[in-house]
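Q: Generate a structure from the sequence data that follows.
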Amino acid sequence: MASLHTVADSEAYDSAIWKARGVGVETLARNVIRISITVNVIASMGVFNPALLRAEWSYVQQAVALLMWIILIYASAFVRPRVRVQCNPDLIALVAFYAPPWVGQNPPGMVT
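A: Residues are numbered from 1 along each chain as shown. Below is the predicted model of the structure:
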């Protein structure tokens, strides 16, 4: 027999999975995530002038990128997961890319 979830059940379910943290902690974690992504992109994709970073020190660039990934993963533990589905350019591009195979047509320039 199926049962309906009540408000009390959903609150118990949420607290069993996610312990609520303060708003300040989540805001700090989101800012850390934003900064670590920026530093990670610069460290991973950047080709630095030899005056800034000598070629034999390229391992430092890789170590910084790896450290930023670790910080990103750790900080994401403090952010409550959210699912937002809204009509934005990313969703339109995703649907435009995957829709043609679903309807049996190939996108322009795709060879079968």
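
Q: Let me see the ranges of the helices in this structure.
A: For the chain, helices defined by DSSP state H occupy the ranges 7-17, 23-45, 58-76, 89-103.

Q: Those helices: which one's closest to L52?
A: Of all the helices of the chain, it is helix 58-76 that lies closest to L52, at 10.2 Å by Cβ to Cβ. To be clear about C-beta, it is placed using only N, CA and C from the backbone, and glycine gets the same treatment.

Q: Give the buried residues for the closest one.
A: Buried residues in helix 58-76, counted by 16 or more other Cβ atoms under 10 Å: Q61, A65, M68, I71, L72, A75.

Q: What is the nearest of those residues to L28?
A: A75 (8.4 Å).

Q: okay, the closest residue in space to V39 that isn't next to it in sequence: pLDDT?
A: Leaving aside its chain neighbours, V39 sits nearest to M68 (5.1 Å; criterion: Cβ to Cβ, 6 or more residues apart in numbering). What the model reports as pLDDT for M68 is 92.

Q: where does A65 sit relative to I37, distance-wise?
A: Going from A65 to I37 by Cβ to Cβ, to the nearest Å gives 11 Å.

Q: next one: R30
A: For R30, the distance to I37 - Cβ to Cβ - is 11 Å.

Q: what do you get for V83?
A: When V83 is compared with I37 (using Cβ to Cβ), they lie 20 Å apart.

Q: Ok, V47 next?
A: For V47 relative to I37 (Cβ to Cβ), the value is 19 Å.

Q: Check D90 too.
A: 16 Å.

Q: same thing with Q61?
A: Taking Cβ to Cβ, one finds Q61 at 16 Å from I37.

Q: next one: F78
A: Counting by Cβ to Cβ - F78 and I37 are separated by 15 Å.
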